[in-house]
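*Asks:* coords please:
(one chain, ligands or ions: 2)
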Amino acid sequence: MINFQYARASNVADAVRLIAAEPTAKFIAGGTNLIDLMKENVERPTRLIDISRLPLTGVEETTGGGLRIGALVPNSDLAYHPLIAERYPLLASAILAGASAQLRNMASTGGNLLQRTRCHYFYDTATPCNKRTPGSSCSAINGLNRQHAILGTSDACIATHPSDMCVALAALDAKVHVAGPSGARAIDFADFHRLAGDTPQRDVNLGADEIITAVELPAKGFAEHYSYLKIRDRLSYAFALVSAAAALELDGDTIAEARLALGGVAHKPWRDREAEAALRGQPARRDSFVRVAELLLRDAKGFAHNAFKIDLARRTIVRTLSQAAAATPQSQAGKKIR
Ligand SMILES: Cc1cc2nc3c(=O)[nH]c(=O)nc-3n(C[C@H](O)[C@H](O)[C@H](O)COP(=O)(O)OP(=O)(O)OC[C@H]3O[C@@H](n4cnc5c(N)ncnc54)[C@H](O)[C@@H]3O)c2cc1C
Ligand code: SF4
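*Replies:* Residues are numbered from 1 along each chain as shown. Ligands and ions are numbered 1, 2, ... in the order given. Coordinates of the predicted model:
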């Protein structure tokens, strides 16, 4: 047992003040990831700053027609919120594909964004891992890498980001609102998570003294043509081998706008603007989707045990886009199950 101090933040300014004063402290929200990492001795915060009672639990409409989701809204509440189920069913589907009901009740919106990789070497302190101990090497590159990345990998780390919710937020062009000692700022979702590069210890572009206060969704929710498909080893309670969030706007049978994000394949939710642009103006048909899958996966690289993910990703992209186009999202959350 490693000793740590505990403090409860009374408001956002207090939380920022506490973390800025002690860089080795950590915020705790639902605790579903942080406590596991502490039990495994991977995270060793000197102080837990409890933010779970801060008033960041609202889902409010913005003047721009979107929604602002407080960082402490539990994943379950968010998935079943009427405005999310009605206007952003892609997000509801992705959330409900993750974890279990009990975990979703505890897990917070902000914590979901900051959950750490499920690479088993990262959790095993007996093995080298550049993310846990920079410079120690990566055990996965020549090890058991079935779960690992095929896109945007580096020689330092081939871990994946495990979140389902974040794949949908990437496709929806969300923004992350944060507060720190020098004030508040908003980060585009595409810039929030990082590729591993040569600093795999840094998952996100968030200062150590900053707190996530909210996630903002733009007005466009793609509630007609969307699909979230998660391929995993078991039907529930397993992380994605590959997942895809697709959102389309159709003009007749022609694609007017396309969003496509992948999970389970990279260090961050993966979006490829060139592939999305290539879909615009194309007929919403299988051959267009096959071409875009080839384009998106042009630089994919497999390792000893995960090369199968390249073909799996190809088929997942085609199926997800086909389901979105047909308005058959195969979703438990949306209202348009046909
Ligand atoms: C068995 C199991 C299965 C799971 N399966 C899935 C799955 O299939 N799909 C999926 O997407 N997820 C899955 N999860 C992960 C789960 O969704 C995350 O653990 C959860 O979302 C984290 O939220 P939390 O509030 O509990 O975070 P915590 O554990 O409290 O915190 C996580 C990290 O975020 C930081 N933090 C939290 N809130 C803030 C904030 N507002 N500002 C700044 N920093 C903050 C903490 O300091 C910590 O570093 C699973 C988890 C478990 C244990
Ligand atoms: S893939 Fe990343 S997290 Fe996993 S062992 Fe290598 S450096 Fe560590």
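
*Asks:* next one: stretch 13-32 to chain centre, how far?
*Replies:* From the chain centre to the centre of stretch 13-32 is a distance of 21 Å (Cα atoms, centre = their mean, to the nearest Å).

*Asks:* what's the answer for stretch 121-139, then?
*Replies:* That offset, for stretch 121-139, works out to 22 Å (Cα atoms, centre = their mean).

*Asks:* can you confirm whether it lies near ligand 2?
*Replies:* Yes - among the residues of stretch 121-139, 121, 122, 129, 130, 131, 138, 139 lie within reach of ligand 2 under Cβ under 6 Å from any ligand atom. Where you see a C-beta, it was placed from the backbone N, CA and C, and this is true even at glycine.

*Asks:* pull the CA atoms of that stretch into PDB?
*Replies:* Taking Å, rounded to 0.1, in the frame of the first residue of the first chain, the C-alpha atoms of stretch 121-139 are listed here in PDB:
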ATOM      1  CA  TYR A 121       2.700  -4.400 -20.500                       C
ATOM      2  CA  PHE A 122       1.700  -0.900 -19.300                       C
ATOM      3  CA  TYR A 123      -0.100  -2.500 -16.400                       C
ATOM      4  CA  ASP A 124       2.700  -5.000 -15.600                       C
ATOM      5  CA  THR A 125       5.400  -3.200 -13.800                       C
ATOM      6  CA  ALA A 126       7.800  -6.200 -14.200                       C
ATOM      7  CA  THR A 127       8.100  -5.400 -17.900                       C
ATOM      8  CA  PRO A 128       9.700  -2.400 -19.700                       C
ATOM      9  CA  CYS A 129       7.300   0.200 -21.100                       C
ATOM     10  CA  ASN A 130       8.100   3.600 -22.500                       C
ATOM     11  CA  LYS A 131       4.700   5.000 -21.600                       C
ATOM     12  CA  ARG A 132       5.100   4.000 -17.900                       C
ATOM     13  CA  THR A 133       8.900   4.500 -17.700                       C
ATOM     14  CA  PRO A 134      10.200   6.700 -20.500                       C
ATOM     15  CA  GLY A 135      13.300   5.300 -22.100                       C
ATOM     16  CA  SER A 136      12.900   1.800 -20.800                       C
ATOM     17  CA  SER A 137      11.800   0.400 -24.200                       C
ATOM     18  CA  CYS A 138       8.500  -1.100 -25.500                       C
ATOM     19  CA  SER A 139       7.700  -4.700 -24.700                       C
END
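
*Asks:* buried sites along it?
*Replies:* 121, 122, 123, 127, 128, 129, 130, 131, 132, 138, 139 (16 or more other Cβ atoms under 10 Å).

*Asks:* and stretch 5-18, by the same measure?
*Replies:* Result for stretch 5-18 [16+ other Cβ under 10 Å]: buried residues 9, 12, 15, 16, 18.

*Asks:* wait, isn't the fourth one in contact with residue 211?
*Replies:* What it means is residue 16. Yes - using Cβ atoms under 8 Å, residue 16 is in contact with residue 211, at 5.9 Å.

*Asks:* who touches both of those two?
*Replies:* Here residue 16 and residue 211 have 179, 180 as joint contacts, going by Cβ atoms under 8 Å, 6 or more residues apart in numbering.

*Asks:* and the residue of this structure that's closest to ligand 1?
*Replies:* residue 111 (2.2 Å; Cβ to the nearest ligand atom).
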